[in-house]
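# 3D, please:
(one chain, ligands or ions: 1)
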Amino acid sequence: MASWTVWLMTALVGLTTLVLVSWVLDIIKRWRMPPGPFFWPIIGNLLMFGGQFYLTFIELGKKYGDVFSLKLGMRDVVVLNSLDVIREAFVKKGADFAGRTHTMTGDLVSEGRKDIVMGDFTATWKLQRKLFHGAVRAYATGHTLEEKVQGALNEVIAEFSSMVGRPVDVEDHIFKLVLNVVCSASFGHRYKMEDKDFQFLLNLSKEFFEIGAQGMLADIYPSLGFLPTPTKTAMAKGMGEFFEYFKRELDRHVQTFDPDHLRDITDHFIQLQREAEDEGDEDIRSLTDVHFRQTVIDIFGAALDTTVQTMRWSVLLLAAHPEVQQKLSAELDSVVEQDRQPMLSDRTALPYMDATINEVLRFGIVVPIAIPHATTVDTTLRGYEIPEGTWIMPNLWNVVRDPEIWGDPDSFRPERFLDDDGKVLPKPSALLPFSAGRRACPGEPMARADIFLLLGGLVQKFKFSLPEGEVPPDLTPDPKGAGLFSIPRPYKVMMTHRK
Ligand code: HEM
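Purely as a prediction, here's the structure:
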């Protein structure tokens, strides 16, 4: 036998043995972990996941219960499939479950996990998140957000006005509208649709949504990370341009910073960072320029697609439920004069609007399995062992669609959030579109303020309806959202002027 054949045979036998040994070790490790389906060597349970992860999790939950284990490629995953178990892990044992997964995609977009979304649960990260949370709250409750959102909205109202009376797919318009809202929140300025920078951000964001939804093979097979795949190369190039763009914007911000005139979240963050420095906070020195840039990039990464898809759900659900839309516009008319747009100070006087937003967030739940967490230490849950570094996926979808909690979860019914007198009930703990615990969405105040102003402004001006003679729309999520997002299927609506 030629010597290369011997080498090849030896290599094959060695590799097979390695695969089999690691498979057996994985099976032994699974012994004390939550139960779960049989998994194959190398691919684990990948073959089970054709489309939406959260739907497959519901099926698996019927057999394995509220907490079960899986293998995605080489990664150990534990799924939390009910409200109780999610609260037990994320709230009662918050710190143990507050890590993030380490993946190639995550590392690339966050310059080595220097942002909030992908950052490890460290002292630096806690400070970064605290400052960010403070900056978002300050921005979301001030007048600047209101002015910026209303400005962006006026442009889209003008566009929609030219489209009344014919079926329109509003996706691109909503995307541009929210991109401008998000640009204003990060850099304080809006772009014209034809601006070069605006088009750059628009195209890049769309591209990343698609890559982000799919992830990369090396995310579940880390040993393939060295391969220069086309997705990795395209992503690294796009990210390079993106980082440069942000660096320019942030330099400009620091140079023109004026503490008496805070323009956006970035300014609020700079202000809070300087206050922490003045107070001699020890950890502040660990926050580098890259952390700063990544924090602002998070606004784009975390706010854009979530708000776009929530707005797409809003328009679709209102068009499909004229009775809800009718009540909403009647309430708006009774509180907001026609010569002005709804303002944040109107919120308390608009309970039906509040309930409708909650119902859209529940029904659409755009991030149905949150962003996967990871355990920070070896820990336990319901008596099972969960090793450090295990990926944790909470099935938020199953909580907001649980018939035992909601009665009729598949109906779109804002009244479920109101009492008999039409007042807003306390927020149910099962309303989890922003997740829970240490990694819950810190952007919730801004998201709610944006959605209120955008939806209020649109419903005040237009009536949305389904094109006559067309089949009723399918209100189940589009499989294109892949494992991570719940997005509406493509749809068209008719708009008519209300007044
Ligand atoms: C409708 C809009 C939004 C929804 C439904 C939403 C939902 C979520 C969810 C489910 C998570 C994952 C939580 C977890 O892993 O347990 C998250 C994380 C995050 N969101 Fe949002 N989000 C929205 C808007 C925003 C906005 C406007 C911002 C910024 C201004 C933002 C910033 C973030 C950040 C920074 C994280 C990472 C938090 C961490 O890792 O600690 N989000 N969001």
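# the ligand contacts on the stretch 1-150 of the chain?
116-117, 129, 136 (C-beta under 6 Å from any ligand atom). C-beta coordinates here come from the backbone N, C-alpha and C atoms, glycine included.
# and the contacts of the one helix or strand R129 maps to?
Assigned by DSSP states H and E, R129 falls within helix 123-141. Residues from elsewhere that reach helix 123-141 (C-beta atoms under 8 Å, 6 or more residues apart in numbering): 116, 119, 145, 185, 262, 264-266, 268-269, 271-273, 276, 281, 283-284, 286-287, 291, 295, 298, 344, 442-443, 445-446, 448-449.
# returning to what we had before: report the two of the residues of the stretch 1-150 of the chain next to the ligand separated the most.
Farthest apart among those by C-beta to C-beta are V117 and V136. That separation is 13.5 Å.
# more neighbours: the two, which one.
V136 (25 against 20; other C-beta atoms under 10 Å).
# the helix or strand harbouring T144 packs against which elements?
Assigned by DSSP H and E, T144 belongs to helix 143-161. Applying 3 or more C-beta pairs under 8 Å, 6 or more residues apart in numbering; DSSP states H and E, we find helix 143-161 packed against helix 171-187, helix 444-461.
# may I have that helix exported as PDB, CA atoms only?
C-alpha atoms of helix 143-161 as PDB (Å, rounded to 0.1, in the frame of the first residue of the first chain):
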ATOM      1  CA  HIS A 143     -38.600  66.800  24.200                       C
ATOM      2  CA  THR A 144     -35.700  66.000  21.800                       C
ATOM      3  CA  LEU A 145     -37.100  62.600  21.000                       C
ATOM      4  CA  GLU A 146     -40.500  64.000  20.400                       C
ATOM      5  CA  GLU A 147     -39.300  66.700  18.000                       C
ATOM      6  CA  LYS A 148     -37.100  64.300  16.100                       C
ATOM      7  CA  VAL A 149     -39.700  61.600  15.700                       C
ATOM      8  CA  GLN A 150     -42.300  64.100  14.600                       C
ATOM      9  CA  GLY A 151     -40.000  65.600  12.000                       C
ATOM     10  CA  ALA A 152     -39.300  62.100  10.500                       C
ATOM     11  CA  LEU A 153     -42.900  61.300  10.600                       C
ATOM     12  CA  ASN A 154     -44.000  64.400   8.700                       C
ATOM     13  CA  GLU A 155     -41.900  63.200   5.700                       C
ATOM     14  CA  VAL A 156     -43.600  59.800   5.600                       C
ATOM     15  CA  ILE A 157     -47.000  61.300   6.100                       C
ATOM     16  CA  ALA A 158     -46.400  63.400   3.000                       C
ATOM     17  CA  GLU A 159     -45.200  60.200   1.100                       C
ATOM     18  CA  PHE A 160     -48.300  58.300   2.300                       C
ATOM     19  CA  SER A 161     -50.600  61.100   1.300                       C
END
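# how about it: buried residues?
Buried residues in helix 143-161, defined by neighbour count with 16 or more other C-beta atoms under 10 Å: 144-146, 148-150, 152-153, 155-157, 159-160.
# check stretch 93-103 too.
Neighbour-count burial for stretch 93-103 flags 93, 96-103 (criterion: 16+ other C-beta under 10 Å).
# just to revisit the earlier point, take the helices and strands packed on helix 143-161 and lay them out in CSV including mean pLDDT and distance to the ligand.
Below are these laid out as CSV (pLDDT from 0 to 100; distance: least, C-beta to the nearest ligand atom, whole Å):
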stretch, mean pLDDT, distance to the ligand
helix 171-187, 91, 6
helix 444-461, 96, 4
